[in-house]
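**Q** Give me coordinates for this.
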Amino acid sequence: MAFLGGSLLLASLYFFSMENLGMPLFTAYCVSLAALVYLVIRLALWQVKIRAPGDAQEGFVASSFSRELIGKEGIASTDLKPSGYILVEGRRFEAISQAGYIDQSMPIEILGGEGSHLIVQPIKKGL
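**A** Predicted coordinates for the structure are as follows:
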C-alpha cells in the first residue's frame, strides 16, 4: 500500500508539472504535498506509539495463591502424586505435595505456594 501510495504521489507531481501552470504554483503544490505526507507519517507513528505491544500486559496480574491459607489445615480431595486438589474450609484448591505422594482424604497442612498452586505436606498424627 505504501508503494502504491508513493507511486500515485509521484504520478500526481508528474501530471501537475505537465499542466504548465508556472513554477510558483508547482512549488506550492510540492510543498503542500510534502506537508501532507509528513502529517500522515506523524499520525501513523503516533498511532503505533499508542498501541505499543508492551501496553497490552499493563495491569495484568498472574494467578497466585491466597497467602492467608498458609499454615491452615485441610484434607486431600484427590490423591496428590505430587499434584492434585485439596479442600480447605470447604473450598477446593490446586496443590503440590512437598513430601511426594499423599493419599486422598489424608489431613494436610499448607506450607506456602507457587503460582496458583499451594504447597502442602501431610500432617503427622501422634507427634
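
**Q** Secondary structure element holding residue 74?
**A** Per DSSP states H and E: residue 74 is located in strand 73-76.

**Q** in the helix or strand following that strand, what's buried?
**A** Next in sequence after strand 73-76, counting helices and strands by DSSP H and E, comes strand 83-88. For strand 83-88, a neighbour-count test (16 or more other C-beta atoms under 10 Å) marks 84, 86-88 as buried. No exception for glycine: its C-beta is placed from N, CA and C like everyone else's.

**Q** from these, which single one is nearest residue 73?
**A** Nearest to residue 73 among those is residue 88, at 7.5 Å by C-beta to C-beta.

**Q** backbone phi and psi for residue 120, please?
**A** phi -130, psi 170 (degrees, to the nearest 10).

**Q** I'd guessed it sits against residue 93; true?
**A** No: Residue 120 is beyond contact range of residue 93, at 9.1 Å (criterion: C-beta atoms under 8 Å).
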